[in-house]
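Q: from the sequence below, what's the structure:
(one chain, ligands or ions: 1)
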Amino acid sequence: MGGHEPTYFLRARYIRAVEELGGIPLILPLVADPSARRRLLDHVDGLLLTGSGPDLPPNLYGERQRYKFPLVSERRASFELELVLQARIRDLPLLGICGGMQTVNVACGGSLYQDIPAQVPGALDHRQKAKAVHVAHPVTVSPKSLLNKVVARRTLMVNSSHHQSVKTVAPPLKVSAMAPDGIIEAIESPAHRFLLAIQWHPEFLFERHAVHRRLFEALLQAARRTRS
Ligand code: MN
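A: Next comes the predicted model:
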C-alpha cells in the first residue's frame, strides 16, 4: 500500500448513489494542466463535487486562517475551483455536497464561516453525534428555487456533519435552504440549468429517503440533457 504516499480515495457511497440511480460514475484525477482539466470535462455530462474532510484555505476568500483546522491540498482546491468555473461556463449540471458546496460558493466569489461554533453564537450543533444515516435538523427550502422544484417540499430533515458554512453568498448565487439558526444549507445559480449545492450528505440518506434520492436523480436527469 502507499503508506504516506499521496493517495486518492473517495467514499464509495457517492459512486453507489450515482450508479444505483442510473448514472455512470467517473472519478476525476486532480490534474494540474489547465487544458488537461478542460479536456477531462469534455468526457462528462455532469459533476458531483463531493465533500471533503479538510477545509478550503481561507486565503481563497480573502481571509487569514483564524483557527487551526486541516486544509485541503492546494492542488485539490485549485482543481475543484476550476471545475466550478468550467461548469458555469459550459452550463454543465453540478451538485455540490458539503465541502463541495463551500467550494461552489468560494469559486463564485463568496466567503465562509471558518468555524460555526466559534463565529456564530447560538448556532445549532451542526456536527451531529448520531451516524450520518440519521437526520439531525430541519431546513426550510426557498420558494420557487431549483431545490424546491427538485424536492417538492418547503421543509425537510437533513443530516449535519460540518463545522463551516457559507458566510457571504456569492453574488451570482441565491440561498435555496436555511437551517432554523440561520445557517445557509443550500445555494444555487438561477442563471444555470442545474447548479445546486447543499450542506448535508444525501449519499447517506438516499436509500431510505426518497426526498434525498431526488437530488441525485435530478442531477442525472440534467446530465442526460447535456448528452442529448
Ligand atoms: Mn447543518
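
Q: quick one: low-confidence parts of the chain?
A: Along the chain, segments meeting pLDDT under 70 span 1-2.

Q: end to end, how far does stretch 35-50 reach?
A: End-to-end distance for stretch 35-50: 23 Å, by Cα to Cα, to the nearest Å.

Q: got the end-to-end distance for stretch 23-31?
A: End-to-end distance for stretch 23-31: 23 Å, by Cα to Cα.

Q: hang on, Asp58 packs against Arg64?
A: Slight slip there: residue 58 is Pro, not Asp. Yes. Assessed by Cβ atoms under 8 Å, Pro58 is found in contact with Arg64 at 6.3 Å. C-beta coordinates here come from the backbone N, C-alpha and C atoms, glycine included.

Q: the more surrounded of the two?
A: Neighbours per residue (other Cβ atoms under 10 Å) separate Pro58 from Arg64, with Pro58 holding more: 19 against 7.

Q: number of nearby residues for the residue in the chain that the ion sits nearest to?
A: Residue nearest to the ion within the chain: Ser160 (3.3 Å; Cβ to the ion). Neighbourhood size, Ser160 [other Cβ under 10 Å]: 24.

Q: contacts only, for it.
A: The neighbours of Ser160, taking Cβ atoms under 8 Å, 6 or more residues apart in numbering as the test, are Leu124, Asp125, His126, Arg127, Gln128, Ala136, His137, Ala179, Gln199, Trp200.

Q: could I get the full set of helices for this structure?
A: Applying DSSP state H to the chain gives helices spanning 12-20, 34-41, 74-90, 99-107, 116-119, 146-151, 210-227.

Q: out of these, nearest to Gly53?
A: Smallest distance to Gly53 across the helices of the chain (Cβ to Cβ): 7.9 Å, for helix 99-107.

Q: can you give me the angle the closest one makes with helix 74-90?
A: Counting by axes from the mean of the first three to the mean of the last three Cα atoms, to 10 degrees, helix 99-107 lies at 70 degrees to helix 74-90.

Q: contact residues of the chain facing the ion?
A: His126, Ser160 (Cβ under 5 Å from the ion).

Q: now do 8 Å
A: Counting by Cβ under 8 Å from the ion, the chain comes close to the ion at 124, 126, 136-137, 139, 158-162, 165, 179, 183, 185, 199-200.

Q: taking these one by one, which sit in strands?
A: The members of the residues of the chain next to the ion that map onto strands under DSSP state E are His137, Val139, Val158, Ser165, Glu185.

Q: residues touching the last one, list them.
A: Glu185 sits next to Val139, Val158, Ser165, Ala177, Met178, Ala179, Ile198, Gln199, Trp200 when contact means Cβ under 8 Å, 6+ apart.

Q: out of the residues you listed, who's nearest Arg37?
A: Nearest to Arg37 out of the contacts of Glu185 is Ile198 (Cβ to Cβ; 24.3 Å).

Q: for the closest one, what are its contacts?
A: Residues in contact with Ile198 (Cβ under 8 Å, 6+ apart) are Leu95, Gly96, Ile97, Cys98, Met101, Leu147, Val158, Ala177, Glu185, Ala186, Leu215.
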